[in-house]
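J.: I would like the atomic coordinates for the input below:
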Amino acid sequence: MKCNEIIHLLEQEFPMEYAESWDNTGFQVGNREKDIQHIFVAMDVTDETIDEAIGLGADMIVSHHPMIFSPLSSVTSDTIGGRRVLKMIENGICCMSAHTNYDSCRMADLAAARLEMTECVALEEIKDGKGIGKVGKLPKVMTVRECALLVKERFSVPSVRFFGDGDKEAAIAAICPGSGKSLVRDCHAKGAEVYITGDIDHHTGIDQADGGLPIIDAGHYGIEHIYIEDMFQFLSEKCPEVKVSKAKISHPFEVI
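T.: Numbering: from 1, shown residues only. Modelled structure (predicted):
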């Protein structure tokens, strides 16, 4: 199967017009005409990811986060990004990401479904009712502490933290996989009573707690790792002639 066919398949399922304007999602490294025999699905393109792909004999990585986000001024062995690009080219590995376009078209729905949320709408609409995150009803009224434990269980994360009163009850939740600090205003505007996301800094957490919006922080990777299994299943179904492998779930830090 040609690399370009896989690119077209992904762009058809997760159209680029649903990506955020600041994003650099899409095809980033390789030859569009290359015959692809083995796809490796991962969250991030790291040294470890590339080595694992090489070890498996993969010739394409489909990641969630773009490997090249900020412009590279050069591609040399002098920089981390440059070394990664060179290593992929030297080993004949193409690279494609499905980032905020995937978030809008699939991630938000998957995350909300894990918590059995209903009557959901986009937290930040991008186009045609689709967008980043979801706001909806929790399966029942629960305390913030109970909601945090539910998030920990459903997303299989080793730990979560929350800002605010753990005994406060909530019926309406907002969830934004990844980094959700920029969407706290949308949470207030859409009536969320608790916000589930990642990458919340100290001041945002305490300010929002005082403003009446408890925040459950499950980490950037903690919720988004659901991408790996979903993309693995999607590519396995749509590309039966290509071998598809996936990275194991491995949180990028340890809590001790």
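
J.: quick one: low-confidence ranges for the protein?
T.: Applying pLDDT under 70 to the chain picks out no residues at all.

J.: Return the backbone torsion pair for the most centrally placed residue in it.
T.: Taking Cα atoms, centre = their mean, the centroid of the chain lies closest to E224, which sits 3.8 Å from it. E224 adopts backbone torsions of phi -70, psi -20, taken as degrees, to the nearest 10.

J.: do you know how far it is from H64?
T.: Note on E224: its distance to H64, by Cβ to Cβ, to the nearest Å, is 6 Å. Every C-beta, even on glycine, is put in place using the N, C-alpha and C of the backbone.

J.: any shared contact partners between those two?
T.: Common contacts of E224 and H64, defined by Cβ atoms under 8 Å, 6 or more residues apart in numbering, comprise M43.

J.: Packing partners of the longest strand anywhere in the chain?
T.: Ranked by residue count and defined by DSSP state E, the top strand of the chain is strand 130-143. Secondary-structure packing of strand 130-143 (3 or more Cβ pairs under 8 Å, 6 or more residues apart in numbering; DSSP states H and E): helix 108-114, strand 118-127, strand 169-179.

J.: Would you indicate which residues of the next helix or strand after the longest one are buried?
T.: Next in sequence after strand 169-179, counting helices and strands by DSSP states H and E, comes helix 184-189. Neighbour counts using 16 or more other Cβ atoms under 10 Å place 184, 186-187 of helix 184-189 among the buried residues.

J.: Distance to F163 added to those residues, as a markdown table?
T.: A markdown table is the format used below for these (distance: Cβ to Cβ, whole Å):
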| residue | distance to F163 |
| --- | --- |
| V184 | 11 |
| D186 | 17 |
| C187 | 13 |
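
J.: hey, where'd the strands end up in the stretch 1-150 of the chain?
T.: Under the criterion DSSP state E, counting those that start in this stretch, the stretch 1-150 of the chain contains strands at 26-29, 38-42, 60-63, 94-97, 118-127, 130-143.

J.: Tell me which of those strands sits nearest to S159.
T.: Closest to S159 of those is strand 130-143 (Cβ to Cβ; 18.1 Å).

J.: just how off-centre is the closest one within its chain?
T.: Put simply, strand 130-143 sits 18 Å off its chain's centre (Cα atoms, centre = their mean, to the nearest Å).

J.: highest average neighbour count across the helices and strands packed on strand 130-143?
T.: Using mean count of other Cβ atoms under 10 Å, the stretch among these with the largest mean neighbour count is strand 169-179, at a mean of 22.

J.: Tell me what angle the longest strand of the chain forms with strand 169-179.
T.: Interaxial angle of strand 130-143 relative to strand 169-179 (axes from the mean of the first three to the mean of the last three Cα atoms, to 10 degrees): 140 degrees.

J.: strands paired with strand 130-143, and their directions?
T.: Next to strand 130-143 in the sheet, as set by DSSP bridges, lie strand 118-127 (antiparallel), strand 169-179 (antiparallel).
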